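[1] Sequence first, predicted model second:
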Amino acid sequence: MTRVSEQTAPITPPARSRRGALRIDEVSKIYDPDGAAVSAVDRCSLRVEAGEICMIVGPSGCGKTTLLQAIAGFHPISSGTITLDDEVLCSTDKPLAKPGSDRVVVFQNGALFPWKTNLENVAFGPLVQGTLTKRAALEKARGMMAGAGLTEVEHNYPSEVSSGTRRRVEIVRALMNDPKVLLMDEPYRALDALTRRVMHGALLELYYRQPVTMFFITHDLEEAVYLGHKIIVMTTRPCRPKQTIPVTLEHPRTPEVVTSARFLALLRETRAAVDEEALKAFQDGEKEG
Amino acid sequence: MSELLAPAGTSSRASDTHAPAAQPSRGALLRSRLARGLRTARPDLALLGLGLFFGFWYYAVEVWQLPRFRELPGPTSVFREWCSENPSYGLSIYTAEYYRHIGVSLVRVAKAFALATGLGVPVGLAFGWWRGFREYLFPLFELLRPIPILAWVPLAIVMFATSESSVLFLTFLASFFATALNSMLGVEAIDRVYVRAAQCLGASRWQVFRHVIVPGALPFIFTGLQISVGVAWFSLVAAEMVSGQFGLGYVINTSYTTVQYPTIIIGMFTLGAVGYASSAFVRWVGQVLMRWRARELALDGGA
């Protein structure tokens, strides 16, 4: 609730959160659909610092989403350990993490419940967890939506608002739970370039108010440089980190930064790394998209 | 219907509700709504269709007296009987008897439909959501489902002490299968991403069921209920023809054995009208419960 009251304060660079440090240690995932074992993730280790926006880029089908789903608890890992702060989410002994509101996923095609209004969607988390009464949950949801400029669509159903608005509501719904980490599964993929830029601004604004760790998968390299504290480029299947690029740009980021020499240099560096993997994926006969 | 649909069917999906586009003039709005209304509903065509049907009936029976049609009652004799204060076969809109038959049939359908819904929806949802339950009972369900209602008649008469309860049982049966099957399909049609989203937000298995599975299956459930109310009337008439002392099925059957042909037609049209009304009622309830879907469907259609 305190965050909501800060909504009128000027945007300041975020004080880094001290929670939400994500550690992935030697994680492997082998799919065995019909006898032919496919290694999707192979001894992958990476760290996301508390409060960091970590962008994950790499060729299509390389296993990024597999990793995200293992963190979320949708699929088991084959071996390795995933730790969030001091809690072991899953390991070789207990391969499937339990889904929980400390790690909320924002889905590729959106997953607002169509049968609930935007406000009911936002209030959903605390209500089912029983952490707030109905009245308190709705009040907090209203406050959060107001902070994101979404008051007007509170009582609309998701189908009644634009896809960009739906994405913003979904992120507010996730932030309502005060998660340790947001798992972003290419949330802006289906949007047009212009809407996507508006979304980036809106996301950063929310982030500066509530600096939550983000594990952010994307194919859009400009998005990666613009939003991230660091970019991890993944190798083609099996998936493991190829290169980590620290994004040495000041926060808060403004749209002007995209034309700066440093931004372009970072973009070039990222592209070179991704292109190399994409080419490999292509040569391996993998579909590249 | 709504502001969102107003500008001549352009898709409003892409425009942000935060920044509404320039308002079209009131006249243009009205014109586009009228045009839209006429495009979707064509009362003139509906009247033409009905007119052709009744015209053919009239000419075939009363004017041309075609070979096989000569024995049938014509529309004028049926409607004269139906609206007569002193009907020759004892049944018209002025007789209390007529409403008693309608009332008895309505109550039977309502009871059987309520029972079929109360049992069919939970069973169907359980089939869709609870794998153990499904593996245990679905094969039995699929074995019993294709058995036609008329094949159940002898057993129903033997099983139940009163003819009333056997009529209810027969009416219930087909409705139950339709409702349960559609409810199950409704659960299967739900995008799993909603289940995952609810789990992420901390919902327990029971909460997922309540907040995702039930509302998500509702469109299919109501499709099932519309089919179910239709088959309830269908099997009611079959059951009333076999046993029972009142009701529209009974009217049709006894009028046949006592050669009161106009009354058969009265019974049939009355069945059509009540059946149509009950199905419209179910549809209306569905629309009220699924307002979230009305816009979605309208937008899909308007794009």
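    Received it, and whenever you're ready, just let me know what you need.

[2] Close to chain A: what parts of the stretch 151-300 of chain B are there?
    Selection of the stretch 151-300 of chain B residues close to chain A by Cβ under 8 Å from any Cβ of the partner chain yields B:191, B:193-194, B:196-204, B:207, B:211-212, B:215-216, B:218, B:290-293, B:295-296, B:299. Placement of C-beta: from N, CA and C, glycine included.

[3] Return the members of those classed as buried.
    Buried residues within those, counting neighbours by 16 or more other Cβ atoms under 10 Å in any protein chain shown: B:194, B:196-203, B:207, B:211-212, B:215-216, B:218, B:290, B:292-293, B:295-296, B:299.

[4] So which residues of chain A form strands?
    For chain A, the strands defined by DSSP state E occupy A:22-31, A:38-48, A:53-57, A:79-84, A:87-91, A:103-106, A:181-185, A:213-217, A:230-234, A:241-246.

[5] quick one: the helix ranked longest in chain B to chain centroid distance?
    For chain B, the longest helix by residue count, based on DSSP state H, is helix B:96-129. Distance of helix B:96-129 from its chain centroid, counting by Cα atoms, centre = their mean, to the nearest Å, is 11 Å.

[6] average pLDDT across it?
    Helix B:96-129 carries an average pLDDT of 95.

[7] so what secondary structure elements neighbour it?
    helix B:131-144, helix B:163-188, helix B:214-242, helix B:248-257, helix B:261-289 (3 or more Cβ pairs under 8 Å, 6 or more residues apart in numbering or on different chains; DSSP states H and E).

[8] Using neighbour counts, pick out the buried residues of the shortest one.
    This points to helix B:248-257. B:248-253, B:255.

[9] quick check, nearest of those residues to residue B:71?
    For the buried residues of helix B:248-257, the minimum distance to residue B:71 (Cβ to Cβ) is 14.4 Å, reached by residue B:255.

[10] So the closest one sits against residue B:87, correct?
    No: Residue B:255 sits out of contact with residue B:87 when judged by Cβ atoms under 8 Å, with a separation of 11.8 Å.

[11] picking up where we left off before, TSV for the helices and strands packed on helix B:96-129, including distance to residue A:251?
    Below are the helices and strands packed on helix B:96-129 laid out as TSV (distance: least, Cβ to Cβ, whole Å):
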stretch	distance to residue A:251
helix B:131-144	48
helix B:163-188	46
helix B:214-242	40
helix B:248-257	75
helix B:261-289	47
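
[12] of all these, which lies closest to residue A:173?
    With Cβ to Cβ as the yardstick, what comes closest out of these is helix B:214-242 (16.5 Å).

[13] And that closest one, how far out from the chain middle?
    Per Cα atoms, centre = their mean, the displacement of helix B:214-242 from the mean C-alpha position of its chain is 6 Å.

[14] tell me the angle that helix makes with helix B:96-129.
    Interaxial angle of helix B:214-242 relative to helix B:96-129 (axes from the mean of the first three to the mean of the last three Cα atoms, to 10 degrees): 140 degrees.

[15] other SSEs contacting helix B:214-242?
    Counting contacts by 3+ Cβ pairs under 8 Å, 6+ apart, helix B:214-242 packs against helix B:96-129, helix B:149-159, helix B:163-188, helix B:248-257, helix B:261-289.

[16] rewinding a little: for the helices and strands packed on helix B:96-129, which one sits closest to residue A:68?
    Among those, helix B:214-242 comes nearest to residue A:68, with 23.6 Å by Cβ to Cβ.

[17] which residues touch residue 97?
    With no chain named, the answer covers chain A. Residues in contact with residue A:97 (Cβ atoms under 8 Å, 6 or more residues apart in numbering or on different chains) are A:70-73, A:82, A:89-90.

[18] could you do chain B instead?
    Per Cβ under 8 Å, 6+ apart, neighbours of residue B:97: B:90-91.

[19] Give me the distance between it and residue B:254.
    According to Cβ to Cβ, to the nearest Å, residue B:97 stands 12 Å off from residue B:254.

[20] Identify the contacts common to the two.
    The contact sets of residue B:97 and residue B:254 do not overlap (Cβ under 8 Å, 6+ apart).

[21] residue closest to the middle of chain A?
    Closest residue to the average C-alpha location of chain A: residue A:184 at 2.2 Å, with Cα atoms, centre = their mean.

[22] Apart from its neighbours in sequence, what residue is nearest that one?
    Once flanking residues are discounted, residue A:184 sits nearest to residue A:216: 4.2 Å by Cβ to Cβ, 6 or more residues apart in numbering or on different chains.

[23] can you pull the contacts of that neighbour?
    If you count contacts by Cβ under 8 Å, 6+ apart, residue A:216 has them with A:53-56, A:182, A:184, A:224, A:227-228.
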